[in-house]
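>>> predicted model follows, preceded by the sequence.
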Amino acid sequence: NRDDFLVRDIRLILEDGTVIRDPDYSDPLENIAVGDSSSALQSVDLSFNIPKEKLVAKAYLWDTTAFTDGAHTLTVSYEGQEKEHTVYVDNTAPFITSSLRSTPYKGSFTIDAEVIDDGAGVKTTTVMLDEELIDLPYETSSARLSPGEHTLTIEATDDVGNQRQETFTFTTVDEHPNQPDMIMPADGATDVSLGTPLQAKVTDPTNDALQVRFFEGRKHFTDSGTITFSKGATDTEPPIVLHPDAEEMMNDAEKQLMAAIDNEMVTTTTSNGTFPYHRFDINLKQPLKQHETAEAVWHGKTLPGRKVTMYAWNPSADRWVSLVEHIGEDEESFELKATIDRSFIENKKIQLLVQDEIPSSPDDYDYTFVWMTDTQYYAQSYPHIFKSQVEWIRDQQEEMDIKYVFHTGDIVNVYNNLRQWEVADKHMSILEDANIPYGVLAGNHDVEQQTIDYNMYEQYFGEYRFAEQHYYGESYKNNRGHYDLISAEGNDFIMLYMGWGVNEEGIAWMNDVLARYPNRMAILNFHEYLLTSANRSDVGVRVYENVVKPNPNVIAVLSGHYFDSETLIDPIDDDGDGEPDRHVYQMLADYQGGPEGGQGYMRLFHVDKDSHQIYVNTYSPYMDDYNFFDTDEYGEKDEFIIPLSLEPLEKQIATDAFALNIYTDKPIGQTQSIESGETATVEWATKKDKMYSWYIIATDTFGGTTRSDLYTFTTHSSTRKAKESFFR
């Protein structure tokens, strides 16, 4: 437990070596238990009696911003004695310059900048290229960067904390050759004469000369007999196991529907809350060689607004891994295409499935709630992280339709530190200025531990601050507790808060409030409730038994205090009929024990009315990263679904066609040098009644390279039915 300690030999040592102990803790060998367990003291108050003759220091608070940079002489005079000392003032941030030019870059080039500080000297320099951290000098090229405008952001801090940020922009040309716009034989052609040459017309966006190489390919498709097709539906996406229960093989008629892109599809629809999927198990005819590439191509559709994801089974990790996803915008079909990593191949077998998946963009949900907690170290030491959180919420308000922000306590780290409260006040005001509703409560660090002193909390976040807000419902003892009424897109919520020191009176008040609003979905907020073991604390048990269980409108409980991310889901039978009427999601999400006090991670609740679900994920605007806890090691601690009702949403997956393309390294013909817009041609000795696959790679002298799709044709006398290709 990170909050329990044994302490001994607490003493104050003066500069001259004088040792002073608290008379109550004078024995240096006595162990003192400090922490939040029942056998420990929550805090230890110490009193040191310092002899008057030791109190000889003098101090002066000097505002250096009123003085010029450079050397200054400090003179100390005392009882006829003087001493001088030279001190240096530096109020100027480092200067940042870059030699990036305004004309577009083509080919290889170096990104560099000069950071100079004539005062204290440069301490740290952070360089971001298009949101990616880089080191200078940085070697790159127009082939490595996407075409168009790029942003270089440099932030430099000198040794005394002066900081400057500069942003530079530059552009790069579109370096990579275009996909061929004319190939012969036509893709999917049948009855092709023996000896027919391969042709491809390739163009370059900057008219560079091109090197064109032709290679052989292989493909696995519906009629090849190398793919096993099956379908099913699971409670989760992706499935937890390799072979879910009730999975069934597709019949021959269904497989024929997937033989071509013709809008004749195999469609699986569910209305019981499960997620339908189509599965494709490919048996490779031969092992994938070192320089060969496998690519899966799926065509189909889903219901408008739903996301479809292609997964591959990773044998070593024993789980399904997401490869590519797409959101269905309308009734039209779309393509999923993904390169298959060798880690997904075992015994010449690749196992893929395509499934309806949790939406995660504003197109897939209606509105968002944000949950902050335990900002104590941001207020104390990392105010820039605090700032990044609230500014991101403000900037995303319209994009994510953010309706409300929770804060579950420990706003500051030291309850009587004025500077920390001012930091919190300044940054939470950003939400108020943006008219974003939010609620707060006091954690143990916001009040004095033993006396539960709410004075500073009430001074900065008392009832006065929220009383005029339209969403603010009622205060309990000057905002020690309160509730907010939030209605969004036809959904009605009550956000109920109770700060540190929950007692019987507070529990009674909460029950009275919930009884007044039985038709509003209630989200309860406390500082301490869930432990790192995913069990409730003593306070949590009292709240659960006396507030959560008796009130059927409670759907969730949020808490911080302990560094961890845990979720406890309790089925509650309100009617006593033996069947759960609701599931209460009790969550702990506190990242303060991580680097830099938690690096700004916050919970996002995306509410989707159509699916009657809340999609939960965790994001840090400071890190621009999702999920504090790595999903490979910890699973879905920071990302999951909260159902809002038992009414299911219809879900659908429809497959029009599927194939696996193999790009080999076996050349068909010699490399050909052509001008942009010309046609490259190569002879290929073919046999009758056989299907062939081929592709090209086009490169220019500046590093641009493009691999074409895999094209197929069948030589004459074949009895194979002609089909429209779906590999383009």
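Cool, got the structure. Just so it is clear, the structure is predicted and the values come from calculations on it, not from any experiment.

>>> not counting its neighbours along the chain, what's nearest the residue nearest to the spatial centre of the chain?
Nearest to the mean C-alpha position of the chain, counting by C-alpha atoms, centre = their mean, stands Tyr626 at 1.6 Å. Computed as C-beta to C-beta, 6 or more residues apart in numbering, the closest residue to Tyr626 that is not its neighbour in sequence is Tyr619, at 5.3 Å. Where you see a C-beta, it was placed from the backbone N, CA and C, and this is true even at glycine.

>>> so that neighbour, which of the three states?
strand (DSSP: H, G, I helix; E, B strand; the rest coil).

>>> need the contact list for it.
Residues near Tyr619 by C-beta atoms under 8 Å, 6 or more residues apart in numbering: Tyr601, Met602, Leu604, Asp625, Tyr626.

>>> where along the stretch 51-200 of the chain do the strands fall?
70-78, 81-89, 95-98, 108-111, 113-116, 122-129, 132-134, 138-141, 148-158, 163-172, 182-184, 189-192, 198-201 (DSSP state E, counting those that start in this stretch).

>>> and the ones you listed, which is most packed in?
Neighbour counts (mean count of other C-beta atoms under 10 Å) averaged over each of these peak at strand 198-201, with a mean of 20.

>>> strands paired with that strand, and their directions?
strand 182-184 (antiparallel), strand 679-682 (antiparallel) (DSSP bridges).

>>> where exactly do the strands run in the stretch 351-500 of the chain?
Per DSSP E, counting those that start in this stretch, the stretch 351-500 of the chain carries strands over the ranges 367-372, 402-407, 438-439, 472-476, 481-488, 491-498.

>>> report the separation between Val308 and Val173.
Val308 is 34 Å from Val173, where distance means C-beta to C-beta, to the nearest Å.

>>> give me the more crowded residue out of these two.
Each of Val308 and Val173 has its neighbours counted (other C-beta atoms under 10 Å); Val308 has more, 25 against 19.

>>> where exactly do the helices run in the stretch 251-400 of the chain?
252-257, 376-380, 383-396 (DSSP state H, counting those that start in this stretch).

>>> could you redo these as JSON lines and give each row distance to Asp118 and mean neighbour count?
JSON lines is the format used below for those (distance: least, C-beta to C-beta, whole Å; neighbours: other C-beta atoms under 10 Å):
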{"stretch": "helix 252-257", "distance to Asp118": "74", "mean neighbour count": "14"}
{"stretch": "helix 376-380", "distance to Asp118": "32", "mean neighbour count": "24"}
{"stretch": "helix 383-396", "distance to Asp118": "25", "mean neighbour count": "20"}
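
>>> for Tyr622, what are its contacts?
Listed by C-beta under 8 Å, 6+ apart, the contact set of Tyr622 reads His384, Ile385, Ser388, Gln389, Glu596, Gln599, Gly600.

>>> is the residue nearest to it when sequence neighbours are not counted part of a helix or strand, or is it coil?
Closest residue to Tyr622 apart from its sequence neighbours, by C-beta to C-beta, 6+ apart: Gly600 at 3.4 Å. Assigned with three-state DSSP, Gly600 falls in the coil class.

>>> please report how far the nearest residue to Leu485 once chain neighbours are set aside lies from Gly443.
The shortest distance from Leu485 to any residue other than its chain neighbours is 5.1 Å, reached at Gly473 (C-beta to C-beta, 6+ apart). Counting by C-beta to C-beta, the gap from Gly473 to Gly443 is 21 Å.

>>> okay, these two: which has more neighbours?
Per other C-beta under 10 Å, whichever of Gly473 and Gly443 has more neighbours is Gly443, with 29 against 18.

>>> identify the residues contacting that one.
Asp374, Gln376, Thr408, Gly409, Asp410, Ile411, Gly499, Trp500, His527, Glu528, Gly560, His561.

>>> how many neighbours does the last one have?
Applying the criterion other C-beta under 10 Å, we find 28 residues in the vicinity of His561.

>>> what does Val541 give?
Val541 has 12 neighbouring residues, counting by other C-beta under 10 Å.

>>> got the confidence number for the residue nearest to Glu579 when sequence neighbours are not counted?
The shortest distance from Glu579 to any non-neighbouring residue, by C-beta to C-beta, 6+ apart, is to Asp573 (6.4 Å). Reading off the confidence values, Asp573 has pLDDT 81.

>>> same thing with Asn1?
For Asn1, the predicted pLDDT is 46.

>>> now swap in Thr631 and tell me
62.

>>> angle of the longest helix anywhere in the chain against helix 383-396?
The longest helix of the chain (DSSP state H) is helix 418-433. Counting by axes from the mean of the first three to the mean of the last three C-alpha atoms, to 10 degrees, helix 418-433 lies at 10 degrees to helix 383-396.

>>> rewinding a little: export the strands paired with strand 198-201 to CSV and append columns for mean pLDDT and distance to Ala294.
Putting the strands paired with strand 198-201 into CSV (pLDDT from 0 to 100; distance: least, C-beta to C-beta, whole Å) gives the following:
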stretch, mean pLDDT, distance to Ala294
strand 182-184, 90, 22
strand 679-682, 94, 24
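
>>> how about these in TSV, adding distance to Lys54?
Listed next are the strands paired with strand 198-201 as TSV, based on distance: least, C-beta to C-beta, whole Å:
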stretch	distance to Lys54
strand 182-184	91
strand 679-682	90
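
>>> those strands: which one's closest to Asp223?
Smallest distance to Asp223 across those (C-beta to C-beta): 22.1 Å, for strand 182-184.

>>> bridge partners for Arg319, pull those for me.
Asn314.

>>> so the residue nearest to the centre of the chain sits right up against Asn617, yeah?
Yes - under the criterion of C-beta atoms under 8 Å, Tyr626 makes contact with Asn617 at 6.0 Å.

>>> next, count neighbours for the residue nearest to Leu644 when sequence neighbours are not counted.
The spatially closest residue to Leu644, leaving aside those adjacent along the chain, is His612, at 4.5 Å (C-beta to C-beta, 6+ apart). The number of residues packed around His612, counting by other C-beta under 10 Å, is 17.

>>> any idea what the closest residue to Pro244 other than its chain neighbours is bridged to?
Once flanking residues are discounted, Pro244 sits nearest to Thr234: 4.9 Å by C-beta to C-beta, 6+ apart. On the basis of DSSP bridges, Thr234 is bridged to Phe275.

>>> what's the spacing between Thr234 and Arg319?
Taking C-beta to C-beta, one finds Thr234 at 13 Å from Arg319.

>>> now do the shared contacts for these two.
By C-beta under 8 Å, 6+ apart, the residues touching both Thr234 and Arg319 are Ile240.

>>> who has more neighbours out of these two?
Ranked by neighbour count (other C-beta under 10 Å), Thr234 and Arg319 place Thr234 first, with 20 against 17.
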